[in-house]
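# My questions are about this predicted structure, shown below with the sequence.
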Protein chains: 2
Amino acid sequence: MAKRVTIHDVAAEAGVSRQTVTRAMNDRDDIKEATRLRVLEAVERLGYRPSRFARNLVTRRKQHALGLVVASFDNPYYTGIAAEMLTAAAERGWQLMMAAAQDDTEAVLGMLASQADVVALHFGGSGAELSEFAGGLPVVRLEAESLLPGVHSVALDIESGIVAVVAELRARGARRFGMVDSAHSLQAHGARGAGGGYGPSPKRRYFERAVGEPLAGVTIGDESIAAGSRAFGELLEQHPDVDTVLMFNDLMALGAVRYAQSRGIDVPGRVRIVGIDGLALGEAVHPRLTSIALDVRAMASHTMDIAELVAKADFARLDPIHRRVGSSILWRESA
Amino acid sequence: MAKRVTIHDVAAEAGVSRQTVTRAMNDRDDIKEATRLRVLEAVERLGYRPSRFARNLVTRRKQHALGLVVASFDNPYYTGIAAEMLTAAAERGWQLMMAAAQDDTEAVLGMLASQADVVALHFGGSGAELSEFAGGLPVVRLEAESLLPGVHSVALDIESGIVAVVAELRARGARRFGMVDSAHSLQAHGARGAGGGYGPSPKRRYFERAVGEPLAGVTIGDESIAAGSRAFGELLEQHPDVDTVLMFNDLMALGAVRYAQSRGIDVPGRVRIVGIDGLALGEAVHPRLTSIALDVRAMASHTMDIAELVAKADFARLDPIHRRVGSSILWRESA
DNA sequence: CTGTTAGCGCTTTCAA
DNA sequence: TTGAAAGCGCTAACAG
């Protein structure tokens, strides 16, 4: 591990002052071409690279970075969020740092804390926990309300979408509603960890409320295509009277469509399938997936709004800011 | 835009010296509990957050960051790469910064340069261009050889996979081979920009070589499901004798499967479909997609190996390091 | 055009 | 246990 080459070494090598090296490195015009070349040669010879920390420390116009904790890279919904965040961040001149959600949210936040100015994440625990983990790092909680001070949030209005979809499905003849719920909803509620296990997800509660009576059948699966396929099969088997199924998310819904397709089950004739998320991937299957689309772009935009507000306050602790984005229904072919 | 709260302000507020604030912030034991509490209260009151730049500048053990320029968030192949990179980076204690590829690679690199220690990216231009754009920033070029000094690379051996797949397809009765190629291959070759346009992709050249005779038909489309579907349809229409089709990538292949499915075309009976990438998503369609799987995990791992080597040399310009990863064939149902 | 002087905000010695 | 000094590597502001 050689000693780091600094601006000082380059200056010595080129026989100029450090300031002149800076001028050459930053393409400024107040330097003689010959000197510039000489310095650049020295840079090349020594393999010098300015320290990003030192540079950012001293530069007036700081580079801001948003840390995004991505819940899962296996679900296009989350990578879609990442994509939108990236776009929104780039538009505002922010950098995006990503980290994968692990069991240990605290550790992840600890890592990001030294690199990011603001962190956005999905988090299942309580706001208090989150606030504690963040330890002063400004946090934007995604897809959940936050009541605690110090934790901003961008919530999602899924319920209105579910209500609307149920109404329209009824109009189309739906009578017996079933649902495939997530085995471990990210929007877990109240105490996780301590032996609690998971109750029905908020989506399921919204759905039951919208239907207005107990669901004709519910099964549970992991948030994957394969698990969605399996759980959908179980649902049809255990509750053959179900004619309409809400899948917890589009990934699982894709599995449901695949299941129906491979068994020759008519969709939406025999059973209607509705997903949640509005993935573009829903266009790829046959029949195309009807889905409650969440406005991910607005979510990203709001997140960046909050980040900029926080930045404007120089990252001091602010009163929590809350935003809310809506959902719309993508009527395609499966329902 | 209030003035930034610094360690100095906290020290004044708590009536201690700056070092003592440091001690309190970093949970060190050489500080009296009462003092610690008092400092922490001041921190809370002022909403103080240490500057990540200043901290990293002075700290012995630096945080390293890999900058990843993601070619496209719309293709799960690339998000899959991002996921693997994230995992590989986390395992080694590196942070991952992401940026989206834009038209202006130079600008993207410029942004990342101030935040990342090493950059990994797919790049279609020449190594010389890349080297110039990077301006000293260590670069790992993905999925392409690099001959230029200063640009490391992790290449992909797709050709052996294509050769193997053609051999097996022939054994299964394939006679007339067609291909849907990319309209603008990322692995563009030679001069882009200056009116050059794009020739056949390397994948196509490998395929032709493996087949050993001119392809029975080739159509072209963008790298999306919809375009893949369309181009596949055109191929069947223009060259009805084609019985086996290699799709440029899995995303396009998904479109092909969808096209066949919706027209009632028997796959693989009437036509065999093979994709490239090995996406898990290939399991979601019916029939499941056969694909040449690229070892993305190995690619990520090699990239991090190189990054660590570069870091060990304190980011001095190193002789270029080259790695190569292989491919394997996922025989599923579509071929 | 180039060099000198000051810091950026933090952590590390080292004394007290 | 605390404080004082001395930088980390760089750039802004001023000289010259």
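Ah, there it is.
# Report whether stretch A:112-130 contacts chain B.
Yes: applying CB under 8 Å from any CB of the partner chain, one finds stretch A:112-130 touching chain B at A:112, A:113, A:114, A:115, A:116, A:117. Where C-beta positions appear, they are placed from N, C-alpha and C, glycine not excepted.
# tell me how far that stretch is from the chain's mean position?
When distances are taken as CA atoms, centre = their mean, to the nearest Å, stretch A:112-130 is centred 12 Å away from the chain's centroid.
# ok, and for that stretch, which residues are buried?
Within stretch A:112-130, the residues that qualify as buried are A:112-127, A:129-130, counting by 16 or more other CB atoms under 10 Å in any protein chain shown.
# how close does residue A:200 get to DNA strand D?
Counting by CB to the nearest atom of the strand, to the nearest Å, the gap between residue A:200 and DNA strand D amounts to 51 Å.
# that older thread, adding distance to residue A:171 and secondary structure, write the residues of stretch A:112-130 next to chain B out as TSV.
Below are the residues of stretch A:112-130 next to chain B laid out as TSV (distance: CB to CB, whole Å; DSSP: H, G, I helix; E, B strand; the rest coil):
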residue	distance to residue A:171	secondary structure
A:112	47	helix
A:113	51	helix
A:114	54	coil
A:115	51	coil
A:116	47	coil
A:117	48	coil
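# and of these, the nearest to DNA strand C?
residue A:114 (9.3 Å; CB to the nearest atom of the strand).
# Let me see the mean pLDDT of the helix or strand encompassing residue A:169.
Using DSSP states H and E, residue A:169 falls within helix A:159-171. Helix A:159-171 comes out with an average pLDDT of 98.
# Counting by contacts, list what that helix packs against.
Secondary-structure packing of helix A:159-171 (3 or more CB pairs under 8 Å, 6 or more residues apart in numbering or on different chains; DSSP states H and E): helix A:202-211, strand A:244-247, strand A:272-277, strand A:290-294, strand A:327-330.
# Please repeat the previous calculation with a cut-off of 6 Å.
Judged by 3 or more CB pairs under 6 Å, 6 or more residues apart in numbering or on different chains; DSSP states H and E, helix A:159-171 is in contact with helix A:202-211.
# Farthest pair within the residues of stretch A:112-130 next to chain B?
A:114 and A:117 (10.8 Å; CB to CB).
# Considering only the stretch 51-200 of chain A, name the residue that lies closest to DNA strand C.
In the stretch 51-200 of chain A, the residue that lies nearest DNA strand C is residue A:58 (3.3 Å; CB to the nearest atom of the strand).
# Spell out which parts of chain A neighbour chain B.
A:2, A:4, A:47, A:49, A:52-54, A:56-57, A:63, A:73, A:79, A:83, A:86, A:95-98, A:100, A:114-115, A:136, A:225, A:254, A:258, A:261-262, A:284, A:286, A:312, A:314-317 (CB under 6 Å from any CB of the partner chain).
# Now, the residues you listed that are in helices?
If you go by DSSP state H, the residues of chain A next to chain B have A:52-54, A:56-57, A:79, A:83, A:86, A:225, A:254, A:258, A:261-262, A:312 in helices.
# lowest confidence element among the helices and strands of chain A?
Lowest mean confidence among the helices and strands of chain A (mean pLDDT, DSSP states H and E): helix A:127-134, at a mean of 71.
# Show me the contact partners of it.
A:105, A:106, A:109, A:123, A:146, A:147, A:148, A:150, A:151 (CB atoms under 6 Å, 6 or more residues apart in numbering or on different chains).
# Buried among these? Need that as a selection in PyMOL.
Burial among the contacts of helix A:127-134 is assessed by 16+ other CB under 10 Å; the matching PyMOL selection reads:
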select buried, chain A and resi 105+109+123+146+148+150+151
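# Just name the lowest-scoring one in the contacts of helix A:127-134, pLDDT-wise.
The lowest pLDDT within the contacts of helix A:127-134 belongs to residue A:150, with 72.
# so who does it touch?
Shown in contact with residue A:150 (CB under 6 Å, 6+ apart): A:131, A:317.
# If we use 8 Å, what do you get?
Residue A:150 makes contact with A:131, A:134, A:136, A:138, A:139, A:317, A:320, according to CB atoms under 8 Å, 6 or more residues apart in numbering or on different chains.
# Is DNA strand C within reach of stretch A:118-135?
No: Stretch A:118-135 stays clear of DNA strand C (CB under 7 Å from any atom of the strand), getting no nearer than 12.9 Å.
# doesn't residue A:295 make contact with residue A:328?
Yes: taking CB atoms under 8 Å as the definition, residue A:328 is a contact partner of residue A:295 at 7.2 Å.
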